[in-house]
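Asks: Sequence and predicted structure, then a few things I'm wondering about:
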Amino acid sequence: AAAAAGNTVEDYQAAIGKIKDAGYYVIGRITTFNDTYFVKDHPECAITNTEGTPRKLNGEYWPTPYSRTAWQYKVDLAVEAVELMGFNEIQFDYVRFPDLTYKYEKAGTIDFHNTYGETKAQAIQRFLMYAADILHEKGVYVSADVFGESAYDYVTAYGQYWPAISNVVDAISGMPYPDHFGASDSWRPWEHPYDTLYSWGKSAMARQAETATPAAVRTWIQAYNAIRKPYNTYGPDEVSAQIRGLRDAGCTGGFM
């Protein structure tokens with residue numbers, strides 16, 4: 001409704017106000033470390049090649065998650081969104097290092113500008129600690145989206161170490177879309193939404209047990225038709241199967 005009305009701040013304020021007045025909870029999503037526009041304005045904060053030129057990764061430029069300037073910009077943006085729009089929660093998406101950088105790292109042709117000698121997991125966790133400290137003072141919740149595979153062994157390439165994120169944010173949202181899992185012979189995970197989400201959920205809960213202060217597990221589920229053969233339809237049965245799989249595995253923090 002706000003978009004149709006013209007995309008002004010006042011339009012969005014009015015639309016969100018009506019939603020909240022109706023008793024709903026409103027989440028504001030922010031794309032974090034995948035921001036071509038920010039890099040164009042602040043190339044000094046970018047992931048670059050060894051000559052210092054911003055390196056395009058997966059078609060986009062990325063500010064390095066090691067950059068405190070990038071941290072401050074994203075948190076300032078979140079605070080502005082909360083104060084202007086009245087969101088109940090800020091959800092940080094792309095709160096990770098870019099994927100598909102292995103060939104550059106192996107060749108030594110990429111520079112993440114690791115000023116403080118941190119691991120990737122430390123950088124991501126510390127950003128979220130910084131964001132949570134400030135946003136909690138504003139009276140709102142903080143959540144983070146993570147790759148589905150972060151519920152398994154630590155994926156060092158992205159910095160998304162599940163327990164290190166879960167012990168900081170209020171909700172952690174894995175993205176275990178069934179058609180993102182690899183097939184095993186004739187077994188296609190996207191044709192078995194219950195089994196796939198149940199198995200994933202058990203791994204997620206094992207990661208949850210690694211911290212005494214875990215976040216709520218509020219999981220993204222697949223509600224679109226599979227993008228891989230046989231391109232099966234995802235309707236009410238497939239969606240409900242995923243929800244049941246999560247709940248049966250102990251992931252009772254909801255879904256999106």
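Replies: Nice, thanks for sending it over.

Asks: List the residues that contact residue 112.
Replies: 47, 64, 65, 66, 97 (C-beta atoms under 8 Å, 6 or more residues apart in numbering). C-beta here means a position set from N, CA and C on the backbone, and glycine is covered the same way.

Asks: Rebuild the residues you listed as TSV, extending it with neighbour count.
Replies: Below are the contacts of residue 112 laid out as TSV (neighbours: other C-beta atoms under 10 Å):
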residue	neighbour count
47	25
64	21
65	26
66	25
97	24
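
Asks: confidence score at residue 6?
Replies: You'll see residue 6 listed with a pLDDT of 66.

Asks: Repeat that for residue 228.
Replies: Note for residue 228: predicted pLDDT of 96.

Asks: go on, residue 14?
Replies: pLDDT, residue 14: 89.

Asks: Which of the helices or strands spans it?
Replies: Secondary structure assignment for residue 14, by DSSP states H and E: helix 9-21.

Asks: Would you map the strands across the stretch 1-150 of the chain?
Replies: Taking DSSP state E, counting those that start in this stretch to define them, one finds strands in the stretch 1-150 of the chain at 27-31, 56-57, 60-61, 89-93, 141-147.

Asks: Next, format those as CSV and append distance to residue 251, mean pLDDT and mean neighbour count.
Replies: Formatted as CSV, the strands of the stretch 1-150 of the chain follow (distance: least, C-beta to C-beta, whole Å; pLDDT from 0 to 100; neighbours: other C-beta atoms under 10 Å):
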stretch, distance to residue 251, mean pLDDT, mean neighbour count
strand 27-31, 18, 96, 16
strand 56-57, 31, 94, 16
strand 60-61, 31, 96, 18
strand 89-93, 17, 98, 23
strand 141-147, 13, 98, 23
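
Asks: would you list the ones you listed in a markdown table and tack on distance to residue 161?
Replies: Below are the strands of the stretch 1-150 of the chain laid out as a markdown table (distance: least, C-beta to C-beta, whole Å):
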| stretch | distance to residue 161 |
| --- | --- |
| strand 27-31 | 21 |
| strand 56-57 | 21 |
| strand 60-61 | 23 |
| strand 89-93 | 15 |
| strand 141-147 | 9 |
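
Asks: and the helix holding residue 14 with strand 27-31, angle?
Replies: Per axes from the mean of the first three to the mean of the last three C-alpha atoms, to 10 degrees, the angle that helix 9-21 makes with strand 27-31 is 130 degrees.

Asks: How far does helix 9-21 sit from its chain's centre?
Replies: 25 Å (C-alpha atoms, centre = their mean, to the nearest Å).

Asks: What of stretch 51-61?
Replies: Relative to its chain's centre, stretch 51-61 lies at 21 Å (C-alpha atoms, centre = their mean).

Asks: got the contact list for residue 70?
Replies: Here residue 70 is in contact with 33, 35, 38, 42, 45, 63, 64 (C-beta under 8 Å, 6+ apart).

Asks: quick check, nearest of the residues you listed to residue 243?
Replies: residue 33 (30.0 Å; C-beta to C-beta).

Asks: burial count for the closest one?
Replies: Burial of residue 33 is recorded as 26 neighbouring residues (other C-beta atoms under 10 Å).

Asks: Ok, the one 3 residues further on next?
Replies: Burial measure for residue 36: 15 neighbouring residues, criterion other C-beta under 10 Å.

Asks: repeat for residue 82
Replies: Using other C-beta under 10 Å, residue 82 is surrounded by 19 other residues.

Asks: May I have the residues that are in contact with it?
Replies: Going by C-beta under 8 Å, 6+ apart, residue 82 touches 28, 90, 135, 138, 140.

Asks: Name the nearest residue to the spatially most central residue of the chain, ignoring sequence neighbours.
Replies: Nearest to the geometric centre of the chain sits residue 145, at 2.2 Å (C-alpha atoms, centre = their mean). Nearest non-adjacent residue to residue 145, counting by C-beta to C-beta, 6 or more residues apart in numbering: residue 93, 4.5 Å away.
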